[in-house]
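Student: sequence below, structure please.
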Amino acid sequence: MPIIETVPKCIDKSETFLFFAKADIDEGGNFSERWLAVVEDRVLVYGDSGVLVHELFLYGITGARIDSYVGGGSLLVDTVDGGVVLVRFSAALTSKFSIAVKVIENLVKNEELPVLSKNDLPRQCPSCQRPLQEGTNTCSICVDKKKVVGRLLSYTRPYRMKMVLAMVMLIFATLLELAPPYITKIIVDDVLGPKDVGGALLILVAALGATSIVLALMQIVRGVLGVWIGSKIMADIRRETYQSLMRLSLSYFDRRQTSQFIGRVNSDVEDTRQFLTDGVLWVVGQAMMLLAIMVMMFSLDWKLTLLALLPTPFILLFSVIIWPRIHQMWYKQWQAINRLNMTVGDTLQGIRVVKAFGQEKQEQSRYMKGNQTVMKQTIRTDGMWQGVFPIFSFITGAGLLLVWYFGGMSVISDDLSLGTLMAFIAYLGMFFGPLQWYNQMITWVSRAIGSANRIFEIMDTPSEVPTSSKAVTIKDIKGKVELKNVTFGYEKHSPVIKDMNLVVESGEMIGLVGHSGAGKSTLINLISRFYDPTEGTISIDGIDLRNLKQEDLHKQIGVVLQETFLFDGTISENIAYSNQDATPDEIMRAAKIANAHEFIVKMVDGYETQVGERGQRLSGGQKQRIAIARAILHDPRILILDEATASVDTETEQKIQEAVSRLVQGRTTFAIAHRLSTLRNANRLVVVDKGQIAEIGTHEELLVQKGIYYKLVEAQKEMSQIKGVDVG
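Tutor: Numbers count the residues shown, from 1 in each chain. Take a look at the predicted model:
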């Protein structure tokens with residue numbers, strides 16, 4: 001059943017729904033609920049109160065389709081009498097009703113219902129039904145903000161003494177900030193008024209200066225403390241986030257783009273830093289300041305205080321009304337920026353392909369569209385705030401006008417001293433200052449909560465290839481590998497490997513052969529435990545891989561892939577990646593065995609030559625031999641070679657083959673090769689076809705059988721003859 005949403009009570013549940021989902025636009029184009037239901041022989045549309053709007057029998061339907069337009073679309077079915085619009089919906093629901101089209105068409109054609117993966121299903125928040133942003137499963141609107149803030153503040157525990165010190169300094173600073181207006185009152189009323197030209201004025205002015213100096217010193221110390229605490233906390237969060245990324249299985253990264261994680265580790269962590277180092281203290285400080293100022297204002301004149309506070313309810317009400325709108329606009333802006341970053345990351349990672357096909361203008365166009373969206377959303381969001389802020393200023397200014405008028409009248413009538421009025425106005429300015437930034441503060445806090453939530457999502461994601469609590473340590477393995485009834489699919493409904501059984505003895509070399517997509521690479525991914533089988537078990541020396549510590553397992557497995565990845569560093573560093581404690585002599589020995597030493601020493605910097613990003617300064621054959629040297633230095637008991645000689649010239653292939661022949665000695669080896677002739681030395685060849693083992697035997701035995709392997713060899717011979725190459 002692809003999608004079955006909650007069925008309202010007003011709709012008859014006696015039908016067996018094969019698809020049931022809510023649309024959000026009615027026949028007149030207004031926002032209203034409509035429900036589309038697909039049953040075994042009919043398509044039904046319900047309106048308000050469960051009223052049946054449409055009922056069409058499947059035998060009268062010839063097809064279904066989606067018509068898209070700006071902001072939304074509609075689902076139509078074709079009948080012998082023409083097209084019929086069933087439901088209309090906003091753009092966010094398009095993917096959901098595209099699935100309805102598949103369901104209807106499959107039923108019309110009398111085919112099985114489509115089995116959908118998680119990636120096919122529309123990603124929406126289960127609570128508010130808002131679309132979820134790519135790369136995250138949490139909704140920023142519905143997230144438990146108190147829980148996130150509490151968890152974020154838990155990172156301050158190791159530094160609580162310094163946090164307490166910063167808070168104490170904040171309290172003293174708050175009290176000191178209240179002093180200048182009151183000292184000003186004394187100067188005006190008790191010194192300037194009576195024209196006392198004695199030492200009192202000097203003392204009071206000196207007190208003002210001393211207050212400013214102490215405040216400045218306290219701000220410096222508090223600022224340094226904030227930087228220290230913030231840097232420590234961010235280092236902790238970055239470390240934990242990165243550790244979580246390293247813990248996650250490959251399947252997690254298969255469904256996401258690299259740029260998402262770069263953003264989370266960098267920009268999201270920076271947002272949380274600002275909140276913890278500046279935001280928490282600022283919010284607490286301003287709350288204390290507001291409370292202290294109110295006490296001072298009431299102590300000076302309670303009537304003027306009530307007049308001054310008249311605009312406050314309007315400010316708070318305005319904030320409550322405008323805040324959801326600003327938050328929604330900010331969220332859309334974040335989505336647009338995130339999509340733009342993903343576009344940049346995607347393009348730069350595939351820059352060679354872009355250049356090779358001359359698609360620079362196409363990519364520029366794609367970027368410009370995303371950039372335009374960001375620009376428009378930024379204009380809307382910031383423009384909204386630029387309109388809101390003057391309104392806040394006007395409302396707070398109204399309170400100040402009331403104080404000036406009624407306070408001024410009280411001074412004229414000698415009911416209030418001039419110094420008291422001036423002090424009161426100073427306190428009023430200090431009171432409305434933070435209040436004006438109330439809405440901005442909420443946006444700031446919300447942004448930090450959203451960033452923290454995305455970080456915590458990574459930390460809380462369980463690995464799909466977990467290490468068992470009963471996992472055993474195995475330092476030295478013999479290398480016997482056994483597969484029992486192994487079934488696996490990257491999506492559970494679509495298995496790539498089906499009920500596979502295979503026993504490989506220690507030290508045996510197995511050649512994996514088959515058409516592209518047969519499941520060869522998937523099989524070695526399972527043996528490496530990058531994924532776990534959906535059914536069945538894979539064991540090494542009789543121990544289920546799930547019961548082995550992954551660190552121990554991967555120390556015993558070496559991999560040489562077709563697409564060799566080299567880190568941006570020196571040749572020496574890349575060879576030693578598999579064994580960080582290797583000596584220069586050991587690195588050189590591994591390079592010699594891999595037939596890499598000869599070309600390395602011809603380079604100007606030799607083993608200290610920088611390979612560039614992804615090894616772009618080296619040829620494919622050179623990178624491949626460095627990868628083999630890396631595997632040799634690793635000294636694994638189980639070796640996996642995935643197309644290790646593909647896409648290189650004949651001379652380079654011979655050098656790689658010589659290196660491989662040295663590497664496989666005494667190791668259990670699984671080899672996938674583009675050229676079948678390179679697998680002749682394998683002890684056995686395993687022919688994989690449609691996820692199953694079709695044939696097993698030596699090169700000669702399989703040729704005699706004249707099965708799949710024989711056809712593959714003959715086809716490769718014909719292709720080689722066409723190219724004029726003798727494969728032997």
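Student: ok, then the element right after the lowest-mean-pLDDT helix or strand in the chain?
Tutor: One helix or strand of the chain scores below all others by mean pLDDT, DSSP states H and E: helix 258-263, with a mean of 61. Reading on from helix 258-263 to the C-terminus, the next helix or strand found by DSSP states H and E is helix 269-274.
Student: just give me the longest helix of this protein.
Tutor: Ranked by residue count and defined by DSSP state H, the top helix of the chain is helix 360-412.
Student: other SSEs contacting that helix?
Tutor: Counting by 3 or more CB pairs under 8 Å, 6 or more residues apart in numbering; DSSP states H and E, the packing neighbours recorded for helix 360-412 are helix 302-308, helix 312-349, helix 418-436, helix 438-460. For every residue, glycine as well, the C-beta is placed using N, CA and C.
Student: okay if I get those helices as TSV plus mean pLDDT and mean neighbour count?
Tutor: Below are the helices and strands packed on helix 360-412 laid out as TSV (pLDDT from 0 to 100; neighbours: other CB atoms under 10 Å):
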stretch	mean pLDDT	mean neighbour count
helix 302-308	81	17
helix 312-349	72	16
helix 418-436	75	20
helix 438-460	71	19
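Student: would TSV of the ones you listed with distance to Leu56 be doable?
Tutor: Formatted as TSV, the entries for those read as follows, by distance: least, CB to CB, whole Å:
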stretch	distance to Leu56
helix 302-308	67
helix 312-349	37
helix 418-436	59
helix 438-460	42
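Student: and those helices: which comes nearest Gly620?
Tutor: helix 312-349 (18.1 Å; CB to CB).
Student: Thr94 contacts Gly73, doesn't it?
Tutor: Yes - the pair Thr94 and Gly73 passes the contact test of CB atoms under 8 Å, sitting 5.3 Å apart.
Student: quick one: which of these two has more around it?
Tutor: It is Gly73, of Thr94 and Gly73, that has more neighbours when counted by other CB atoms under 10 Å, with 20 against 15.
Student: check which helix or strand the more buried one maps to.
Tutor: Counting by DSSP H and E, Gly73 is found in strand 72-79.
Student: which regions of the stretch 351-500 of the chain lie under the pLDDT threshold?
Tutor: For the stretch 351-500 of the chain, applying pLDDT under 70 flags the ranges 352-353, 356-357, 385, 389, 432-444, 491-494.
Student: tell me the spacing between Thr537 and Leu483.
Tutor: Shown here: Thr537 relative to Leu483, a distance of 8 Å by CB to CB, to the nearest Å.
Student: ok, the two, which is more surrounded?
Tutor: Higher neighbour count among Thr537 and Leu483: Leu483, with 21 against 16, using other CB under 10 Å.
Student: for the helix or strand following the strand holding Gly73, packing partners?
Tutor: Sequence-wise, the next helix or strand downstream of strand 72-79 (DSSP H and E) is strand 82-90. Helices and strands in packing contact with strand 82-90 are listed as strand 19-25, strand 31-38, strand 42-46, strand 52-57, strand 72-79, helix 94-108; criterion 3+ CB pairs under 8 Å, 6+ apart.
Student: need the residues that contact the next helix or strand after the last one.
Tutor: Meaning helix 94-108. Towards the C-terminus, the helix or strand next in line after helix 94-108, according to DSSP H and E, is helix 145-153. Defining contact as CB atoms under 8 Å, 6 or more residues apart in numbering, one finds that helix 145-153 is touched by Thr272, Phe275, Leu276, Val280, Ser446, Ala448, Ile449, Ala452, Asn453, Phe456.
Student: nearest to Glu27 among the residues you listed?
Tutor: When the contacts of helix 145-153 are compared for distance to Glu27 (CB to CB), Ser446 wins out at 37.6 Å.
Student: for Ala452, see how far away that closest one is.
Tutor: When CB to CB is applied, the distance between Ser446 and Ala452 equals 11 Å.
Student: about what we covered before: pull up the overlap in contacts between Thr94 and Gly73.
Tutor: Ile66.
Student: on that earlier part again, report the distance from the longest helix of the chain to the chain centre.
Tutor: Its chain's average C-alpha position is 31 Å from that of helix 360-412, according to CA atoms, centre = their mean, to the nearest Å.
Student: how about CSV for the helices and strands packed on strand 82-90, with distance to Gly408 added?
Tutor: Compiled in CSV, the helices and strands packed on strand 82-90 are given as follows (distance: least, CB to CB, whole Å):
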stretch, distance to Gly408
strand 19-25, 57
strand 31-38, 53
strand 42-46, 67
strand 52-57, 68
strand 72-79, 59
helix 94-108, 63
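Student: any chance of JSON lines for these, columns mean pLDDT?
Tutor: Converted to JSON lines, these look like this (pLDDT from 0 to 100):
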{"stretch": "strand 19-25", "mean pLDDT": "85"}
{"stretch": "strand 31-38", "mean pLDDT": "86"}
{"stretch": "strand 42-46", "mean pLDDT": "90"}
{"stretch": "strand 52-57", "mean pLDDT": "86"}
{"stretch": "strand 72-79", "mean pLDDT": "84"}
{"stretch": "helix 94-108", "mean pLDDT": "82"}
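Student: and the closest residue to Gln333 other than its chain neighbours, what does it touch?
Tutor: The spatially closest residue to Gln333, leaving aside those adjacent along the chain, is Gln377, at 4.4 Å (CB to CB, 6 or more residues apart in numbering). In this structure, Gln377 makes contact with Met329, Lys332, Gln333, Ala336, judged by CB under 8 Å, 6+ apart.
Student: and the furthest pair within these?
Tutor: Met329 and Ala336 (10.6 Å).
Student: before we move on, the earlier item: closest one to Thr669 among the helices and strands packed on strand 82-90?
Tutor: Distances from Thr669 to each of the helices and strands packed on strand 82-90 were compared using CB to CB; the minimum, 43.9 Å, belongs to helix 94-108.
Student: how about the closest one: buried residues?
Tutor: 96-108 (16 or more other CB atoms under 10 Å).
Student: and if you look at stretch 584-598?
Tutor: Glu586, Ile587, Met588, Arg589, Ala590, Ala591, Lys592, Ile593, Ala594, Asn595, Ala596, His597.
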